[in-house]
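Undergrad: what follows is a predicted protein model with its sequence.
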Amino acid sequence: MFGLFQPGPLDSSVLRAALAAGSALGLTCFAIPRLAAWARAKDFGDREGKTHSDTLNELHSHKQRTPIVGGIAILAATLLASLSFADLRLGNVWLLLVGMLGLGALGFADDLAKTFGKKRTEGLTPKQKLAVQVLFGAGAGGFLLWQAWAGGGAEGLAAQSSLAIPFLGGSVAIGAILYLVFATFVVTGSSNAVNLTDGLDGLAGGCGLVAFAVYTAIAIVAGTPGYAAQFGITPVAGAAEVGVVLAALAGGLTGFLVFNRPPAKVFMGDTGSLPLGGVLALAALVTKQELLLALVGGVFVAEAVSVIAQVASYKLTGKRIFRCAPLHHHFEFGGWAETQVVTRFHAVALCLALISLVGVGGL
């Protein structure tokens with residue numbers, strides 16, 4: 001299929017990934033207007049006074065009651081496209097789908113609580129969300145370790161609990177126990193990081209689309225031994241099927257962005273942001289490119305770090321590092337228009353993605 005390289009049969013996985021992406025795109029574009037109409041009728045949307053910042057509420061006052069059904073459309077479209085085009089005999093395919101739906105259910109419960117609960121602006125407590133995220137992260141890590149042991153014994157377990165080193169090549173072994181802790185941290189951290197980034201029209205969706213495009217390409221190449229060797233990527237059996245699921249999710253995100261670009265007609269809500277971050281982490285774990293995630297999702301990392309630094313600084317010194325956290329609000333408070341923040345963050349995400357593709361197999 002790629003003229004210069006022909007070491008493996010990519011035709012099937014690439015074609016099915018393209019079909020999955022196109023189907024999810026079409027389904028999302030079909031579903032969102034209808035879900036948005038339903039949401040407006042049921043008053044399922046953003047609420048006035050959603051944040052504790054009067055300045056932020058004033059900046060975003062025009063977004064009140066915007067339907068938050070984008071996440072539902074993305075997940076439904078991804079699920080249908082994946083069931084149609086991915087090989088459902090593979091455990092890693094189900095790992096991504098179960099993780100996506102589980103974290104999506106958590107986000108939906110949070111969105112419901114924010115909209116219809118007694119404390120509408122609060123939603124679920126941070127401890128409640130963290131507990132579920134940790135459960136899914138630990139479950140994913142445990143499943144991958146069990147699968148590696150079942151398929152290759154001690155050798156397979158050692159391979160699974162080793163982390164590839166971007167740019168430098170090679171890997172570092174951390175052992176099964178540390179790997180389980182690491183996987184839990186990555187899934188939980190990524191899920192929260194994308195959730196924190198979802199604060200401006202098109203921001204999380206656009207940065208997420210770039211990241212999923214990178215991991216779709218990595219998954220398809222890693223799942224084809226000849227191409228994996230060609231590019232110096234660790235071969236992973238069945239990874240190409242994971243690429244089909246990731247392509248479907250990228251297609252769903254693209255359809256969502258049609259309606260979420262400024263000024264947004266719909267939001268994804270926690271129903272979308274929590275599973276997007278979780279699935280991105282699962283993609284990194286499954287493709288054995290875990291450490292690369294920090295670079296591919298560099299915008300998400302920066303957003304999460306800004307919140308951690310802000311909270312730590314205020315508690316320790318009583319002073320704030322940023323005008324407002326997460327980071328995108330810092331620039332808003334500095335006078336940047338929302339579209340300026342979003343387009344510049346997208347540019348950074350794209351640059352980081354290109355750098356990641358250079359270093360994925362080592363220099």
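TA: Cool, got the structure.

Undergrad: measure Leu350 to Ala211 for me?
TA: 10 Å (CB to CB, to the nearest Å). For every residue, glycine as well, the C-beta is placed using N, CA and C.

Undergrad: ditto for Ala41
TA: As defined by CB to CB, Ala41 lies at a distance of 34 Å from Ala211.

Undergrad: re the thing from before, of Leu350 and Ala211, who's got more company?
TA: Ranked by neighbour count (other CB atoms under 10 Å), Leu350 and Ala211 place Ala211 first, with 31 against 15.

Undergrad: hang on, that one packs against Gly277?
TA: No: with contact defined as CB atoms under 8 Å, Ala211 does not reach Gly277; the gap is 9.6 Å.

Undergrad: mutual contacts of the two, please.
TA: Common neighbours of Ala211 and Gly277 (criterion: CB atoms under 8 Å, 6 or more residues apart in numbering): Phe300.

Undergrad: Ala86: neighbour count?
TA: As a burial measure, the neighbour count of Ala86 was computed by other CB under 10 Å and equals 27.

Undergrad: ok, it to Gly243 distance?
TA: According to CB to CB, Ala86 stands 9 Å off from Gly243.

Undergrad: Val69 now?
TA: Shown here: Val69 relative to Gly243, a distance of 27 Å by CB to CB.

Undergrad: check which helices and strands the helix or strand Asn92 falls within sits against.
TA: Assigned by DSSP states H and E, Asn92 belongs to helix 91-116. Using 3 or more CB pairs under 8 Å, 6 or more residues apart in numbering; DSSP states H and E as the contact test, the elements touching helix 91-116 are helix 70-85, helix 126-160, helix 175-197, helix 239-260, helix 269-286.

Undergrad: quick one: closest of the ones you listed to Gly206.
TA: Comparison of these against Gly206 by CB to CB identifies helix 239-260 as nearest, at 6.4 Å.

Undergrad: which elements pack onto the closest one?
TA: For helix 239-260, the elements it packs on are helix 11-42, helix 70-85, helix 91-116, helix 203-222, helix 269-286, judged by 3+ CB pairs under 8 Å, 6+ apart.

Undergrad: just the buried residues of the shortest one, please?
TA: It stands for helix 70-85. In terms of neighbour count (16 or more other CB atoms under 10 Å), helix 70-85 has its buried residues at 70-82, 85.

Undergrad: any idea how far Ser190 is from the closest residue to Ala138 other than its chain neighbours?
TA: Spatially, and ignoring its direct neighbours in sequence, Ala138 is nearest to Thr184 (4.6 Å; CB to CB, 6 or more residues apart in numbering). For Thr184, the distance to Ser190 equals 11 Å [CB to CB].

Undergrad: the more surrounded of those two?
TA: Neighbour comparison, Thr184 and Ser190: the larger count goes to Ser190, with 30 against 21 (by other CB under 10 Å).

Undergrad: flag the shaky bits of the stretch 201-350 of the chain, pLDDT-wise.
TA: Using pLDDT under 70 as the threshold, the predicted model of the stretch 201-350 of the chain has no low-confidence range.

Undergrad: what does the host helix or strand of Ala347 contact?
TA: Counting by DSSP H and E, the secondary-structure element that holds Ala347 is helix 338-359. Contacts of helix 338-359 from elsewhere in the structure, counted by CB under 8 Å, 6+ apart, are 59, 166-167, 200-203, 206-207, 210-211, 213-214, 217, 262, 292, 295-296, 298-299, 328, 331-332.

Undergrad: in it, which residues are buried?
TA: Glu338, Val341, Val342, Phe345, His346, Ala349, Leu352, Ala353, Ser356, Leu357.

Undergrad: go on, stretch 224-244?
TA: Neighbour-count burial for stretch 224-244 [16+ other CB under 10 Å]: 224, 227-228, 230-231, 233-236, 238-244.

Undergrad: what residues of stretch 312-326 count as buried?
TA: Neighbour counts using 16+ other CB under 10 Å place Phe322, Cys324, Ala325, Pro326 of stretch 312-326 among the buried residues.

Undergrad: okay, the closest residue to the second one other than its chain neighbours and Ala113: tell me how far apart.
TA: Read that as Cys324. Distance criterion CB to CB, 6+ apart; nearest residue to Cys324, sequence neighbours excluded, is Phe333 at 4.9 Å. The spacing between Phe333 and Ala113, counted by CB to CB, is 28 Å.
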